[in-house]
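> only the shape, not the letters, is given here:
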């Protein structure tokens, strides 16, 4: 490990420069005009993996964006680690709120500012460079496989089929993922649970065309009015989701489990200050970290309809739309929740409008056991690099494909992320701290060392 550390220290500036090359590729999977950028990014990563020391690397086409696969086999008897990450990034909107160009990375205040700096190019690239450091110093103790996809931000629709088709190629002892966050640099943590996701889109349609709001206002249902009324009714005054059957499979934690969960360091005042809000809001009877870790939630991700440009246009819109996501906890079935949502939304809609409900994508919640060998290896690695034993932590976020890996490949995933809440993933001004990047580079080789010994 000393040789690995020296190699990382001597090449750190080059690593950052190479990460910048990757970040400059606008690989936005949600926007079709970036399809060529997705291919370019995948090819770029395949080259980077070969230079890092892979035996071979290949770009596999899919019905959507390509998957990058690479491997290095040191011994048939050695343990095998499958590194998963994604190279697609979120759209940059609203563009005017960025302090830097979103695809021209800069270092300011000790942080890399760029879309994808953390999620997930920066974190995935740490693995490539840690792998390089181990390969170039003949210190790699495990077989390593990489699977980097380009559709995580839009539901990983084609990765499920890829895993089915290439199940034998992807055989491993653990799937290593850095697409999550820690509590803080002072309180390192390892994510041991993710919420699931059900993502819906609804459209409310009224008249067969936009109408003059003076001539028809008060006589014809306004789809925008109806939609906002329906959406508002999906939660009650206590922050509870009103969809019948929604909570049927939610396991209520014991008082002892809740006390243990709330032992993680958390300042509600710092939380409010960082978000510039006067108060928090959520399901009554639960703390903020419970609301984002062990309780389900429902949120409008976008809502639109009618005239929204500069100036005025007095119309009753013919239709209005909303995108709604529900974060789920263990034992909830994302497909069942989609059915319950659609049934409820149709039932509460008045006869004055038509309703269309679409299930866009989703995934099951995931629990990563803290007693498995990979977790214990990660715990030792983090404790050595951070100087403090990490806490197990349940994340409010979702990575739907993780539960798919377990179902298809029969392998557990270790969620060893180095992000922080201030990285602003999915938001304008995404960034990634240089210290986080460095800690990741130090910790990952240690994980391989300890995992190979277990």
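On my side now, so go ahead. This structure is a prediction, so every number in the text was calculated from the model and none was measured.

> for the protein, longest helix please?
Counting residues, the longest helix in the chain under DSSP state H turns out to be helix 2-23.

> which strands and helices lie in contact with the next helix or strand after that helix?
Heading C-terminal from helix 2-23, the first helix or strand you meet, by DSSP states H and E, is helix 35-52. Using 3 or more CB pairs under 8 Å, 6 or more residues apart in numbering; DSSP states H and E as the contact criterion, the neighbours of helix 35-52 among helices and strands are helix 2-23, strand 56-60, strand 67-72, helix 121-136, strand 143-149. From N, CA and C alone the C-beta is placed, and that goes for glycine too.

> any chance of those in CSV, plus distance to residue 268, mean neighbour count and mean pLDDT?
Below are these laid out as CSV (distance: least, CB to CB, whole Å; neighbours: other CB atoms under 10 Å; pLDDT from 0 to 100):
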stretch, distance to residue 268, mean neighbour count, mean pLDDT
helix 2-23, 34, 16, 98
strand 56-60, 46, 17, 98
strand 67-72, 42, 23, 98
helix 121-136, 28, 25, 98
strand 143-149, 37, 26, 98
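
> need those in CSV (columns: distance to residue 342).
As requested, those are exported to CSV (distance: least, CB to CB, whole Å):
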stretch, distance to residue 342
helix 2-23, 39
strand 56-60, 34
strand 67-72, 31
helix 121-136, 35
strand 143-149, 28
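
> so which of these gets nearest residue 402?
Put simply, out of the helices and strands packed on helix 35-52 the one that sits nearest residue 402 is strand 143-149, at 12.1 Å, with distance taken as CB to CB.

> in its sheet, what does the closest one sit against?
strand 67-72 (antiparallel), strand 80-86 (parallel) (DSSP bridges).

> the shortest one to helix 35-52, inter-axis angle?
Orientation check (axes from the mean of the first three to the mean of the last three CA atoms, to 10 degrees): strand 67-72 against helix 35-52 gives 0 degrees.

> and the helix-or-strand element of the chain with minimal mean pLDDT, what other elements does it pack with?
Between all helices and strands in the chain, the lowest mean by mean pLDDT, DSSP states H and E belongs to helix 255-261, at a mean of 87. With contacts defined as 3+ CB pairs under 8 Å, 6+ apart, the secondary structure elements packing on helix 255-261 are helix 288-293.

> circling back: Throw the strands paired with strand 143-149 into TSV and include distance to residue 447, thanks.
Rendered in TSV, the data for the strands paired with strand 143-149 read as follows (distance: least, CB to CB, whole Å):
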stretch	distance to residue 447
strand 67-72	16
strand 80-86	8
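
> contact partners of stretch 353-363?
Stretch 353-363 is contacted by residues 154-157, 196-206, 221, 223, 226, 323, 334-335, 337-338, 341-342, 345-346, 349, 398-404 when judged by CB atoms under 8 Å, 6 or more residues apart in numbering.

> any of these buried? List them.
In terms of neighbour count (16 or more other CB atoms under 10 Å), the buried residues within the contacts of stretch 353-363 are 154-157, 196-200, 202-206, 221, 223, 226, 323, 334, 337-338, 341-342, 345, 349, 398-404.

> now do the domain split for this structure, please.
Residue ranges for the domains of the chain, per automatic domain parsing: 2-194+366-452, 196-250+296-363.

> closest one to residue 266 among the ones you listed?
Of all these, domain 2-194+366-452 sits nearest to residue 266, with 8.1 Å by CB to CB.

> who wins for proximity to residue 424 among the strands paired with strand 143-149?
The minimum distance between residue 424 and the strands paired with strand 143-149 falls on strand 80-86, with 17.7 Å, by CB to CB.

> for the next helix or strand after the closest one, the distance to its chain's centre please.
Using DSSP H and E, the helix or strand that directly follows strand 80-86 along the chain is strand 106-108. When distances are taken as CA atoms, centre = their mean, to the nearest Å, strand 106-108 is centred 24 Å away from the chain's centroid.

> with stretch 149-157 instead?
Relative to its parent chain, stretch 149-157 has a centroid offset of 10 Å by CA atoms, centre = their mean.

> so what would you say the end-to-end distance of it is?
With CA to CA, to the nearest Å applied, stretch 149-157 spans 10 Å between its terminal residues.
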